[in-house]
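Engineer: Fold the following and give me the result.
(2 chains)
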Number of protein chains: 2
Amino acid sequence: MREIFEAELKQVGDDLAEMSRLVESAVNRAGQALLTADLQLAQSVIGDDHTIDALERELDERCVLLLAQQQPVATDLRVVVSALRMSATLERMGDLARHIAQVARGRYPARAIEPSLHRTFEQMHDAAVRVARRTTTLLTTRDLTVAANIERDDDLLDKLHQDTFTALLDGTWTGTPQETVDVTLVGRYYERFGDHGVSIAKRVTYLVTGDFADDRGTPAGSARASA
Amino acid sequence: MREIFEAELKQVGDDLAEMSRLVESAVNRAGQALLTADLQLAQSVIGDDHTIDALERELDERCVLLLAQQQPVATDLRVVVSALRMSATLERMGDLARHIAQVARGRYPARAIEPSLHRTFEQMHDAAVRVARRTTTLLTTRDLTVAANIERDDDLLDKLHQDTFTALLDGTWTGTPQETVDVTLVGRYYERFGDHGVSIAKRVTYLVTGDFADDRGTPAGSARASA
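Structural biologist: Model prediction:
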């Protein structure tokens, strides 16, 4: 019985890592599509998102079966419940990558991001790709130094997100309403992407240490826009 | 054993309904704060959000204990797993209400919404309040006609969301960048609020009928902005 459980649990872990790898690929391609106005790349992200969704459903079914057939308790139970939570988070990260790709596709052949903010979004892209790559590493290795690095990149994403609001609102912005909308939405997508990475980092940290730092105590990120 | 389980399960259902009632109150006050620039009302939403977060954590703990101690299978198990999912969704709906309140607070004493879009956001507010109220009813009664009505209000929210993009992008918009940002973000918050209501409607429908209509097949809502 225990052997079957261990094998099933390993499969759940592998599925989470696989979802995370797909998210990493999606956000990487989405950002490139956005920054270079690459229609084909944008289409590929949009077209592939169903694979992440399907993996989430499979993983959920596996977890529910595992709960029913193996009736885990204590730490084992928390691992399965956390997997249910993390699969939902990864699915959402995939959606955000898809949203970024949809903006890129919608503006093609133009670039969605107004030139003066290109560098800022390049940095957001880099940080988001690191968050995704580190999420895969964290899920595979449970190395908590990686969790700390995810939080650092999320802080950077929040800072860059604030920079976009500064650019839009400091009185010098001359972009069109479409450009303003795109910066606002894509900035929000990246900011949320970082939040989700942190949510996974905190869940894995909890599984390893038993200590759950609340990831809801901090404000919504869009402080400049909303404060 | 079964009696304890039934009592625990009832408590889970009561907690979900209670969360939903708090979300309903939050989104109702947030929208009023937004539309009338009522600082106190906005503050109350922001200050109360931790109550919803705390209820989610309690509910999660209760569900994990229930899984550990009662080891439910079949339908009972799905009810508990769904409760875990729905509590996360309700927590997120509370966050969105808080984000709306934060925009209202940030613009005080001015109104965040540019006058020409006041009526559209009034309609979004009404639809979101109905979604929240019906979610409470659905969680309490499991009456599936209510689920259908939630989907209808979500369709209306999507349509109104599109209307905001039409207003921003049809070439006649003369709002400031701040107004453009606020319309973009608040529109997105309302649109997501509706999505979450539908997600709960689909989960309850699944619990009642065993048939889960995929709630991820539809596009992201912000089609005009991203397509």
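Engineer: what's the nearest residue to A:Leu90 if we skip its chain neighbours?
Structural biologist: Spatially, and ignoring its direct neighbours in sequence, A:Leu90 is nearest to A:Met19 (4.4 Å; C-beta to C-beta, 6 or more residues apart in numbering or on different chains). C-beta coordinates here come from the backbone N, C-alpha and C atoms, glycine included.
Engineer: in the host helix or strand of that neighbour, what's buried?
Structural biologist: Here A:Met19, judged by DSSP states H and E, is contained in helix A:2-36. Going by neighbour count (16 or more other C-beta atoms under 10 Å in any protein chain shown), the buried part of helix A:2-36 is A:5, A:8-9, A:12, A:15-35.
Engineer: pLDDT on that helix, on average?
Structural biologist: For helix A:2-36, mean pLDDT rounds to 95.
Engineer: which other helices and strands contact that helix?
Structural biologist: Using 3 or more C-beta pairs under 8 Å, 6 or more residues apart in numbering or on different chains; DSSP states H and E, the elements in contact with helix A:2-36 are helix A:39-70, helix A:74-107, helix A:118-141.
Engineer: Between helix A:74-107 and that helix, find me the angle.
Structural biologist: 20 degrees (axes from the mean of the first three to the mean of the last three C-alpha atoms, to 10 degrees).
Engineer: Tell me the gap between helix A:2-36 and the middle of its chain.
Structural biologist: 11 Å (C-alpha atoms, centre = their mean, to the nearest Å).
Engineer: coming back round to it: need the helices and strands packed on helix A:2-36 in TSV (columns: distance to B:Val64).
Structural biologist: Shown next, in TSV, are the helices and strands packed on helix A:2-36 (distance: least, C-beta to C-beta, whole Å):
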stretch	distance to B:Val64
helix A:39-70	11
helix A:74-107	6
helix A:118-141	21
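Engineer: got CSV for those, with distance to A:Ile200 and mean neighbour count too?
Structural biologist: What follows is the helices and strands packed on helix A:2-36, written out as CSV (distance: least, C-beta to C-beta, whole Å; neighbours: other C-beta atoms under 10 Å in any protein chain shown):
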stretch, distance to A:Ile200, mean neighbour count
helix A:39-70, 14, 18
helix A:74-107, 5, 23
helix A:118-141, 5, 21
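Engineer: re earlier: residues contacting the residue nearest to A:Leu90?
Structural biologist: A:Ile52, A:Leu55, A:Glu56, A:Leu59, A:Ser87, A:Leu90, A:Glu91, A:Gly94 (C-beta atoms under 8 Å, 6 or more residues apart in numbering or on different chains).
Engineer: Distance check, it against chain B.
Structural biologist: 14 Å (C-beta to the nearest C-beta, to the nearest Å).
Engineer: same thing with A:Leu207?
Structural biologist: According to C-beta to the nearest C-beta, A:Leu207 stands 13 Å off from chain B.
Engineer: For the host helix or strand of that residue, name the packing helices and strands.
Structural biologist: Counting by DSSP H and E, the element that carries A:Leu207 is helix A:177-209. Here helix A:177-209 touches helix A:74-107, helix A:118-141, helix A:144-169, helix B:144-169, helix B:177-209, helix B:223-226, going by 3+ C-beta pairs under 8 Å, 6+ apart.
Engineer: Could you give me the buried positions within it?
Structural biologist: Going by neighbour count (16+ other C-beta under 10 Å), the buried part of helix A:177-209 is A:177-205, A:207.
Engineer: so how far is chain B from A:Pro72?
Structural biologist: Plainly put, A:Pro72 is 8 Å away from chain B if you go by C-beta to the nearest C-beta.
Engineer: Format the helices and strands packed on helix A:2-36 as TSV; extra columns: distance to B:Arg134 and mean pLDDT.
Structural biologist: As requested, these are exported to TSV (distance: least, C-beta to C-beta, whole Å; pLDDT from 0 to 100):
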stretch	distance to B:Arg134	mean pLDDT
helix A:39-70	25	96
helix A:74-107	23	96
helix A:118-141	36	98
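Engineer: contacting residues for A:Ser44?
Structural biologist: A:Arg29.
Engineer: Equivalent analysis for A:Thr174, please.
Structural biologist: Counting by C-beta under 8 Å, 6+ apart, there are no residues that A:Thr174 touches.
Engineer: do the same with the one 10 residues further on
Structural biologist: Contacts were defined as C-beta under 8 Å, 6+ apart; by that measure A:Thr184 touches A:Thr164, A:Leu168, A:Ala225, B:Thr180, B:Val181, B:Thr184, B:Leu185.
Engineer: Is the fifth one in contact with A:Ala167, as I believe?
Structural biologist: No - under the contact definition of C-beta atoms under 8 Å, B:Val181 does not touch A:Ala167, with a separation of 11.1 Å.
Engineer: Next one: the nearest residue to A:Asp49 once chain neighbours are set aside from B:Asn149, what distance?
Structural biologist: Nearest-residue entry for A:Asp49: A:Arg98, 4.5 Å, with adjacent residues in sequence omitted and distances by C-beta to C-beta, 6+ apart. According to C-beta to C-beta, to the nearest Å, A:Arg98 stands 28 Å off from B:Asn149.
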